[in-house]
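>>> Turn this into a structure:
(one chain, ligands or ions: 1)
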Amino acid sequence: MQLILDTGNVEEIRELHSKLVIDGVTTNPSIVAGEKKNFLKLIMEIDEIVGEATAIHAQVLSTKYEDIIDEALFISKLRKNMYVKIPVTGDGFRAIKDLKKQGIKITATAIFTAHQGFLAAKAGADYVAPYVNRLDNISADGVGTVRDLVNIINTYHMDTKVLAASFKNAQQVLELMKIGVHSITAPADIIKAMMGHPLTDWSVAKFIEDWENEFGKGTKTNR
Ligand code: G3P
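Numbers count the residues shown, from 1 in each chain. Predicted coordinates for the structure are as follows:
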């Protein structure tokens, strides 16, 4: 499963990229606005941290077909490994289909049904991004929707990855890992919740205490 960071915070990206294997970074207009930085500058800063082998996904603001095409071509040329996120509106589907013919890498986003995800995959999207927690928030079944979409993509051997997005907690991520989701993008706090456990910290402290009680403070295996 690909593990992608859903943030534009360069400190968070630097920290988690140094500690874990991170397969990409996703942003959206809300995330970029939250960083209060020029869009181009932010993408270049992220690029400098993760390097060109790691994908960056950035989203168009345009809603009209011609404007989506213009903006998508601009974003696609910002760096080598660049995915253009396009919401699955009517004009968005049309743009995905036509941009794919030009070889642009595309992440279809703002997906709330398995139908939308299937149609975006059929249009040629490389990734389709269903929003788990926003579905849960309206008493719909976020994990169930992703499960259906993963099954559809796998059943028809489509060359598209489901990129589950919008998480409120690590348990939602775990439920999707259990059903074989292809990739997830989550904010830093969710990834950190996946990394840590209080008993890990307690165990490390206990190891040191037991060792130092016997061999003295500050001693180690190599001195
Ligand atoms: O990329 C989409 C994702 O960032 C949405 O997440 O938490 O705003 O619903 P959220």
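
>>> and the helix or strand encompassing residue 146, what does it pack onto?
Under the criterion DSSP states H and E, the helix or strand holding residue 146 is helix 142-155. When contacts are defined as 3 or more C-beta pairs under 8 Å, 6 or more residues apart in numbering; DSSP states H and E, helix 142-155 sits against helix 114-123, strand 127-130, helix 132-136, strand 161-164, helix 170-178. In short, each C-beta sits where N, CA and C put it, glycine included.

>>> can you redo the ones you listed as JSON lines with mean pLDDT, distance to residue 194 and mean neighbour count?
Shown next, in JSON lines, are the helices and strands packed on helix 142-155 (pLDDT from 0 to 100; distance: least, C-beta to C-beta, whole Å; neighbours: other C-beta atoms under 10 Å):
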{"stretch": "helix 114-123", "mean pLDDT": "98", "distance to residue 194": "24", "mean neighbour count": "21"}
{"stretch": "strand 127-130", "mean pLDDT": "98", "distance to residue 194": "19", "mean neighbour count": "31"}
{"stretch": "helix 132-136", "mean pLDDT": "97", "distance to residue 194": "15", "mean neighbour count": "19"}
{"stretch": "strand 161-164", "mean pLDDT": "98", "distance to residue 194": "14", "mean neighbour count": "28"}
{"stretch": "helix 170-178", "mean pLDDT": "98", "distance to residue 194": "5", "mean neighbour count": "16"}
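
>>> how about TSV for these, with distance to residue 92 added?
Listed next are the helices and strands packed on helix 142-155 as TSV, based on distance: least, C-beta to C-beta, whole Å:
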stretch	distance to residue 92
helix 114-123	8
strand 127-130	12
helix 132-136	17
strand 161-164	16
helix 170-178	24
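
>>> ranges for the helices of this protein?
Shown for the chain, the helices assigned by DSSP state H span residues 10-19, 29-35, 39-50, 65-76, 90-101, 114-123, 132-136, 142-155, 170-178, 188-195, 198-215.

>>> residues in contact with whichever residue of the chain sits closest to the ligand?
Nearest to the ligand in the chain, going by C-beta to the nearest ligand atom, is residue 166, at a distance of 3.4 Å. Contact analysis of residue 166 by C-beta atoms under 8 Å, 6 or more residues apart in numbering lists 131, 132, 133, 134, 135, 142.

>>> Quick check: the gap between residue 133 and residue 64.
Distance of residue 133 to residue 64, computed by C-beta to C-beta, to the nearest Å: 29 Å.

>>> now swap in residue 165 and tell me
To residue 64, residue 165 is 24 Å away according to C-beta to C-beta.

>>> Who has more neighbours out of those two?
The neighbour comparison of residue 165 against residue 64 (other C-beta atoms under 10 Å) goes to residue 165, with 29 against 11.

>>> now, which of the contacts of residue 166 sits nearest residue 209?
Residue 209 has its nearest neighbour among the contacts of residue 166 in residue 133, at 40.0 Å by C-beta to C-beta.

>>> which ones are touching the closest one?
142, 166, 167, 168, 172.

>>> Stretch 169-176 near the ligand anywhere?
No. Shown here: stretch 169-176 not in contact with the ligand (C-beta under 6 Å from any ligand atom), separated by at least 10.7 Å.

>>> hmm, the helix holding residue 146 touching the ligand?
No. Shown here: helix 142-155 not in contact with the ligand (C-beta under 6 Å from any ligand atom), separated by at least 10.0 Å.

>>> what angle separates that helix from helix 170-178?
20 degrees (axes from the mean of the first three to the mean of the last three C-alpha atoms, to 10 degrees).
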